[in-house]
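>>> Okay, sequence plus prediction incoming.
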Amino acid sequence: MKGKDGKPAYHPNRGSRVRMLLLFFVSCGLSFYLGKLFCSEKDCYETAETNTITAIDKPTRHKFPKPMDGETSQDKAISFPECGIEFQDYTPCTDPKKFKHYSKHRLSFFERHCPPIYERKECLIPPPEGYKVPIRWPQSKNECWYRNVPYDWINKEKSNQHWLIKEGEKFHFPGGGTMFPDGVSKYVDQMVDLIPQMKDGTIRTAIDTGCGVASWGGDLLDRGILTISLAPRDNHEAQVQFALERGIPAILGIISTQRLPFPSNSFDMAHCSRCLIPWTEFGGIYLLEIHRILRPGGFWVLSGPPVNYQRRWKGWETTIEEQKENFEKLEELLTSMCFKLYNMKDDIAVWQKTSSNACYKTLDNPDTYPPKCDDGTEPDSAWYTPIRPCVVVPTPNLEKIALPTLKKWPERLNVASVRINQILRGSEGAFNYDSTQWKMRVKHYKTLIPALGSHEVRNVMDMNTVYGGFAAALSSDPLWVMNVVSSYAPNTLPVVYDRGLVGTYHDWCEAFSTYPRTYDLLHLDELFSSESHRCEMKHVFLEMDRILRPNGYAIIREDNYFAHDIATLAKRVRWNCRKEDAESGSEKEKIFVCQKKLWFAKI
Ligand SMILES: C[S@@+](CC[C@H](N)C(=O)[O-])C[C@H]1O[C@@H](n2cnc3c(N)ncnc32)[C@H](O)[C@@H]1O
């Protein structure tokens, strides 16, 4: 996102062309010299035009934004054509066409590999032919339009497991899965018997690794548990796309060589039902990552091999000895990371991560495996951070955020956890101020978008959150919020998790780990102001347009300085936008309320 000049429009008659050209080259040269190598043609031109502004300039009060509706010749030069229909489900950082270029080791080719800047698509992603406005929540949990996600692999390959069934124009989701072909609710009931903390508000956040069509996460929503369903873009065609089409929180991802984009000690529960992750291989590296993201006292639930091997081994085409060995290896690994077997019945086994740091003392012995991690990598560093074969030991003060100590949901929503003290300028006072402010702001948003709070808005993303205040203010509405904290911003995501909300780290200079048309509402608070020195605004707009559903909304809360660029880019991505006052009435801060149109590719 490059800043723009904000000065009155350029008049060619007032200055000589020579002087302008000279200024152009001097400014671009200076910009290059200063390391602003990503200065786009447009920004360079504007730099020349004004002779004062550089790409990293932050908005200041003395600049005067151009009027929202007045277009300059440079603005007119920006245009985004339609991408070909073959891009209808384009996920730039996990593009199946590129998989062959990346390593097969630990399925690393399914991890994020974003295109370099010169290969980025600057076109608008069309919806598939016959696309319809998605079915609304809660009906969407049980059915979606076939044409919106027109992929049959799961229907054909998993028909005996009842993940989904195609009937006429719709896919139906009967709630089946590999380990629960007879329905997820019965399966979760069994789990609740093993973990009573699932029904009293103790467990609030969960992650389902290898989620299929996210029926487990969908069922838990009714029980007050908010799950991030995670799976790669693999042969289980469009599984995460189905999940989001259903209105269930989900993200593309894989446990492979890089840490998952979540802070340490955050999820209350992690689940894998036959998720094909080789937990005991590669020195237990996958389990080490689960250990990192689970909060002290958090639960890890496994169903499927090698659990219940005594009864099941025949059906798995293996030997009882082999499965017994696998189970013992798993037990040994988990024990070495300070997990304890908590409960087990039939196909479901539950382990609990220790709440107290005493257990980790055994790792002081240099001969233990896996060893304790040194302090070379921050426990929360999780954006393109390799998984290390060592145990991330929580610091002793994190016992205060252990599951048995933490307030239960919903009380924990309004509590600033101890982790706020690790954030620059973070304090309980700042947290409370933030919460009050977001309540006011959301009340105002509801007057601007009457659909907010209704079943029309289900999948919501707060693209640049601090403490999750926006999501907290919407917590009693029929929606869920993906809270995004920039990988370059202060690390506030642990506080978001501690209050019982979910989210991810992300860098908005890149594409988000999701399919096109997966969010109903995107909310941005000062994203352009805070990151304008790193990436181009047009790329952020194109990415927002990719992930926004047709008829979906964007609320852009920004310095008025960006008004002109926002208006220009919104027009280029074919959105309808209007500029509104902030609830404070401030002249400096404005709210842009935008809606994406439904259009179809010209074939
Ligand atoms: C057999 S399916 C099970 C799906 C679902 N859990 C169920 O019980 O119906 C295996 C799932 O694991 C996912 N998977 C395989 N390897 C994975 C990995 N390393 N990290 C995350 N998910 C993985 C697949 O994409 C798929 O969603």
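Ah, there it is.
>>> any idea which element Ser435 lies in?
helix 428-448 (DSSP states H and E).
>>> mind listing what's buried in that helix?
The neighbour-count check on helix 428-448 (16 or more other C-beta atoms under 10 Å) flags 431, 434-435, 438, 441-442, 445-446 as buried. Quick note: C-beta positions are derived from backbone N, CA and C, even for glycine.
>>> which non-adjacent residue is nearest the residue most central in space within the chain?
Geometric centre of the chain, nearest residue: Thr504, 4.6 Å, by C-alpha atoms, centre = their mean. Distance criterion C-beta to C-beta, 6 or more residues apart in numbering; nearest residue to Thr504, sequence neighbours excluded, is Pro261 at 4.7 Å.
>>> Confirm that neighbour sits in a strand?
No - if the criterion is DSSP: H, G, I helix; E, B strand; the rest coil, then Pro261 is coil and not within a strand.
>>> quick one: it and Thr385 touch, right?
No - applying C-beta atoms under 8 Å as the test, Pro261 and Thr385 come out as separate, 9.1 Å apart.
>>> who has more neighbours, those two?
Remark: of Pro261 and Thr385, Pro261 carries more neighbours, 24 against 16, as counted by other C-beta atoms under 10 Å.
>>> how about that one, what does it touch?
Residues near Pro261 by C-beta atoms under 8 Å, 6 or more residues apart in numbering: 253, 382-383, 487, 504-506, 513.
>>> nearest to Leu330, of the residues you listed?
Distance from Leu330 was checked for each of these by C-beta to C-beta. The minimum falls on Gly253, at 22.4 Å.
>>> measure the closest one to Cys144 for me?
Separation of Gly253 from Cys144 (C-beta to C-beta, to the nearest Å) stands at 22 Å.
>>> Over to Asn365?
Taken as C-beta to C-beta, the span from Asn365 to Cys144 is 53 Å.
>>> In terms of neighbours, single out the busier of these two.
Neighbours were counted for Asn365 and for Cys144 using other C-beta under 10 Å; Cys144 has more, 25 against 9.
>>> tell me the phi and psi of the closest residue to that one other than its chain neighbours?
Excluding the flanking residues, the one nearest Cys144 by C-beta to C-beta, 6+ apart is Glu245, at 4.4 Å. Reported as degrees, to the nearest 10, the phi and psi values for Glu245 are phi -60, psi -30.
>>> Need the pLDDT of Glu245.
Each residue has a pLDDT score; the one for Glu245 is 98.
>>> can you map out the strands along the stretch 501-603 of the chain?
Ranges of strands in the stretch 501-603 of the chain, per DSSP state E, counting those that start in this stretch, are 503-506, 519-525, 548-559, 575-581, 589-596.
>>> For the ligand, what's the nearest residue on the stretch 201-350 of the chain?
Using C-beta to the nearest ligand atom, Gly210 is the residue of the stretch 201-350 of the chain that sits closest to the ligand, at 2.4 Å.
>>> what's near enough to touch the residue nearest to Arg233 when sequence neighbours are not counted?
Excluding the flanking residues, the one nearest Arg233 by C-beta to C-beta, 6+ apart is Thr94, at 4.6 Å. Listed by C-beta under 8 Å, 6+ apart, the contact set of Thr94 reads 110-113, 232-233, 252, 513.
>>> Please list which of these are also close to the ligand.
Contacts with the ligand within those, as defined by C-beta under 6 Å from any ligand atom: Pro232.
>>> re earlier: could I get the contacts of Pro261 in a markdown table, plus columns for distance to Asn155?
Formatted as a markdown table, these follow (distance: C-beta to C-beta, whole Å):
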| residue | distance to Asn155 |
| --- | --- |
| Gly253 | 24 |
| Ala382 | 35 |
| Trp383 | 35 |
| Ser487 | 37 |
| Thr504 | 29 |
| Tyr505 | 34 |
| His506 | 32 |
| Ser513 | 24 |
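>>> you'd agree Pro550 is up against Arg517?
Yes - with contact defined as C-beta under 8 Å, Pro550 counts as touching Arg517 (6.8 Å).
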